[in-house]
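> the following block contains a protein sequence and its predicted model.
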Amino acid sequence: MTVFSGVIFTIGLGVLLIAVMKSLILEQVLTGGIGSIILEQAPTEVGSANIVSSVLLAYRGLDTLGELTVLFVAATAIGLVLGQRSPDTKHDSEAGFILRSAADLLFPFMIMLGAYIILHGHITPGGGFQGGAILAAAFFIPILASPASPLNHKVSSLIEGLAGTAFILIGLFALVGKGYFLAPLFGTGDIGALFSAGSLPLLYLAVGLKVGSELAGLLARLQEV
C-alpha cells in the first residue's frame, strides 16, 4: 500500500510540474526576460558592480535567507548528534613543527583574505559565502595542527547568532522602509567604489561571519569526535 501511494504521489507531482512548465513562457524568460531586466536596472537600483551580488542579496534575498537557515539547521543537527567531547577523552597528538609553524604563519593572511573577499563582494567576484569558508579554514587549520587547542564554541555560537540576527534585522528595516525584504538601504553610491551598493556590504559581512563561524564550529566538532 505504501509503494502504491508513493507511485500515485510521484505521478501526481509529475503532472503538476508539467502543467506549471507549460504555463511558463520560458523562451521569453531565457532570451530577453528577467536576466536582461536585472542587467539593465541593477546598477541604478542596487548600485553593485557585481550583478551576482545584486541578485543574491536584493532580488532573491529570501532565497539567500533560506540558504543560511539550511546551513544553520545542518550545523545544529550535527552538533546535537556529535554531542560534547568527554573531558577524559585524549586529544590527538600534535602535528610536526613545520605544520604548526605554517598554520600560525598562514592564520593572519587567511583572515585578511577572507575579510577582503567578504568586504569586496559587491564590486568583485566573491562575497559572504566564499569569504566565510576561508575564515572557517583559517580557524580550523590551527586546530588540525594543535588538537589540544580546540575552538571556543561559545564564542563562535555568539558570533553566528549575532550575524544571523543582523541579516534579518537589515532585511526587516528594508521591508518597513522600502516595502520589500532586503531592499538596498543608504543609497547606491558610486558604482565600483568600496562604499557603494547601500546595505549590501553589511549583508555580506553578516553572511560571511555567520558562514565562517558555523563552518568552523562544524569542522571543529568533527575533529573532536
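Perfect, thanks for sending it.
> show me what secondary structure element comes after the helix or strand of the chain with the lowest mean pLDDT.
Using mean pLDDT, DSSP states H and E, the weakest-scoring helix or strand in the chain turns out to be helix 26-32, at a mean of 53. Next helix or strand after helix 26-32 toward the C-terminus (DSSP states H and E): helix 34-45.
> so how far is residue 142 from residue 101?
Distance, residue 101 to residue 142, using C-beta to C-beta, to the nearest Å: 11 Å. C-beta coordinates here come from the backbone N, C-alpha and C atoms, glycine included.
> out of these two, which sits in the more crowded spot?
residue 142 (19 against 12; other C-beta atoms under 10 Å).
> what ranges do the helices span in this protein?
In the chain, the helices defined using DSSP state H lie at 2-23, 26-32, 34-45, 51-54, 61-82, 97-119, 128-145, 153-178, 200-224.
> tell me the most buried of these?
helix 200-224 (a mean of 24; mean count of other C-beta atoms under 10 Å).
> average model confidence for that helix?
Model confidence over helix 200-224, given as mean pLDDT, is 85.
> check stretch 78-92 too.
Rounded mean pLDDT across stretch 78-92 is 63.
> any stretches of this structure with poor pLDDT?
1-9, 12-13, 16-17, 19-33, 83-96, 148-150, 224-225 (pLDDT under 70).
> spatially central residue in it, please.
The residue lying closest to the centre of the chain (C-alpha atoms, centre = their mean) is residue 129, at 3.9 Å.
> what residues are up against it?
Contacts for residue 129 (C-beta atoms under 8 Å, 6 or more residues apart in numbering) come out as 207-208, 211.
> let me have these in TSV, adding distance to residue 170 as columns.
TSV is the format used below for these (distance: C-beta to C-beta, whole Å):
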residue	distance to residue 170
207	11
208	14
211	16
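> relative to residue 46, which of those is nearest.
residue 207 (15.9 Å; C-beta to C-beta).
> the closest one is in contact with residue 127, isn't it?
Yes - with contact defined as C-beta atoms under 8 Å, residue 207 counts as touching residue 127 (7.2 Å).
> pull up the overlap in contacts between the two.
Joint contacts of residue 207 and residue 127 (C-beta under 8 Å, 6+ apart) are residue 118.
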